[in-house]
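S.K.: got a structure for you, letters missing:
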């Protein structure tokens with residue numbers, strides 16, 4: 001089962017495929033990956049039921065489905081080391097048939113593999129790109145890189161195409177960050193990377209609008225006070241714009257300041273609607289000096305203060321924080337952190353929630369992920385899975401010959417370099433998945 005560790009470290013032999021004694025079977029409805037099966041593949045009956053009805057009848061004999069040998073599919077799957085960062089144009093995976101009579105099997109398995117691979121790879125790439133941005137901003141503003149582990153939080157579960165998609169995508173997010181509200185991702189990692197140690201992902205107690213409505217608008221301060229009583233220590237995240245965000249920042253928080261600063265933990269204010277950059281950093285079009293003009297971060301500084309780090313950037317009092325988790329994208333994360341740094345705040349001041357707008361609002365073509373037949377040399381055929389695959393046999397040379405991948409300039413933005421993070425997918429039992 002690969003390295004047995006999470007996250008993948010990019011090490012290993014770089015070979016993906018059947019190992020001694022491992023058997024491959026069909027894709028199961030629960031696991032979402034090729035699992036172990038009986039030594040003999042038995043699809044003739046199912047094949048006849050699927051394909052005999054209709055105007056076109058297959059001439060493929062049932063015996064063609066009978067796999068010779070110990071019960072493994074006659075395929076050789078090879079891949080770059082798990083966790084590799086792969087430029088577009090370099091294949092990260094090839095599939096080769098090993099039995100002449102199964103020349104068709106490479107293309108037959110193409111659809112199944114593509115469906116299982118593209119989304120978690122895309123999510124891992126997206127998360128890695130966001131992490132790269134936030135790491136760079138943290139370094140520039142004097143923040144500790146460890147703070148970035150929790151700066152990107154996965155809020156995408158409820159907007160994904162089911163629990164299986166959320167689990168695989170969420171695992172991709174956890175290659176770059178630690179914060180997540182996607183519990184299925186933790187189970188997915190446990191199943192596919194057994195024995196992983198340490199904290200893989202975590203979250204905190206958090207309210208939603210229904211909780212804040214329960215106490216009514218007239219008694220919102222009592223709702224906040226009750227939450228502080230319920231959670232006397234640790235981090236608690238409180239959605240704060242159910243009624244009036246600016247009243248929370250200028251009225252309720254000053255009222256409860258002594259209680260908040262006396263806690264052994266942090267109260268995190270969560271705005272949940274509007275323009276994220278203007279809500280956090282201030283709206284230049286709002287009346288001068290108004291709460292909306294100042295923005296949440298400046299209002300929190302006015303109430304709670306903080307310190308100035310060695311790089312000269314302001315850090316909020318550790319008892320107070322802010323998170324924004326609505327429609328955050330790479331561009332918005334870029335704009336928010338740049339704006340706050342321009343105002344003198346450390347880039348890790350806000351936690352950013354990446355939801356389905358980030359992880360579901362994508363396609364297989366976002367990073368040009370394709371799987372194409374690239375060589376047909378009787379009695380063998382090859383299929384290549386690569387970003388930007390152009391179906392030429394020469395395109396797979398780097399993988400077949402284990403040639404070094406071209407270096408990418410460190411300053412190249414991901415949008416130009418078109419980098420694909422080939423990691424997170426556990427497709428075949430006993431393989432290091434990409």
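M.R.: Sure thing, it's come through. Keep in mind that this is a model prediction, so the values were computed, not measured.

S.K.: residue boundaries of the strands in the chain?
M.R.: For the chain, the strands defined by DSSP state E cover 75-79, 84-87, 93-97, 152-154, 179-180, 236-239, 267-270, 306-308, 314-316, 320-324, 350-354, 369-377, 380-387, 419-422.

S.K.: Mean confidence (pLDDT) on the longest one, please.
M.R.: Going back to what we said before, that points to strand 369-377. This predicted structure assigns strand 369-377 an average pLDDT of 74.

S.K.: And the first one, by the same measure?
M.R.: The predicted model assigns strand 75-79 a mean pLDDT of 88.

S.K.: Low-confidence regions, the stretch 51-200 of the chain specifically.
M.R.: Along the stretch 51-200 of the chain, the model assigns pLDDT under 70 to residues 51-71.

S.K.: One more: the stretch 251-400 of the chain?
M.R.: Confidence mapping of the stretch 251-400 of the chain against pLDDT under 70 gives the ranges 375-400.

S.K.: now the helices for it?
M.R.: Secondary structure of the stretch 251-400 of the chain, counting by DSSP state H, counting those that start in this stretch: helices at 253-255, 257-262, 276-281, 291-294, 296-304, 330-342, 356-359, 397-400.

S.K.: could I get those as JSON lines with distance to residue 127 and mean neighbour count?
M.R.: C-beta: built from backbone N, CA, C; applies to glycine. Formatted as JSON lines, the entries for these read as follows, by distance: least, CB to CB, whole Å; neighbours: other CB atoms under 10 Å:
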{"stretch": "helix 253-255", "distance to residue 127": "32", "mean neighbour count": "16"}
{"stretch": "helix 257-262", "distance to residue 127": "32", "mean neighbour count": "14"}
{"stretch": "helix 276-281", "distance to residue 127": "18", "mean neighbour count": "23"}
{"stretch": "helix 291-294", "distance to residue 127": "32", "mean neighbour count": "19"}
{"stretch": "helix 296-304", "distance to residue 127": "24", "mean neighbour count": "21"}
{"stretch": "helix 330-342", "distance to residue 127": "10", "mean neighbour count": "19"}
{"stretch": "helix 356-359", "distance to residue 127": "8", "mean neighbour count": "22"}
{"stretch": "helix 397-400", "distance to residue 127": "24", "mean neighbour count": "18"}
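
S.K.: Of all those helices, which one is nearest residue 227?
M.R.: Counting by CB to CB, residue 227 lies closest to helix 257-262 out of these; the figure is 10.6 Å.

S.K.: Check which helices and strands the closest one is in contact with.
M.R.: Contacting helix 257-262 under the criterion 3 or more CB pairs under 8 Å, 6 or more residues apart in numbering; DSSP states H and E are the following elements: helix 220-230, helix 296-304.

S.K.: Just the buried residues of the first one, please?
M.R.: So the one you mean is helix 220-230. Residues of helix 220-230 classed as buried by neighbour count (16 or more other CB atoms under 10 Å): 220-221, 223-225, 227-228.

S.K.: From what I see, residue 311 and residue 139 are in contact.
M.R.: No: taking contact to mean CB atoms under 8 Å, the distance of 9.2 Å between residue 311 and residue 139 leaves them out of contact.

S.K.: Which one of these two is surrounded by more residues?
M.R.: Neighbours per residue (other CB atoms under 10 Å) separate residue 311 from residue 139, with residue 139 holding more: 14 against 11.

S.K.: ok, back up a step: out of the strands of the chain, the one nearest residue 129 is which?
M.R.: Residue 129 sits nearest to strand 419-422 of all those, at 7.5 Å, using CB to CB.
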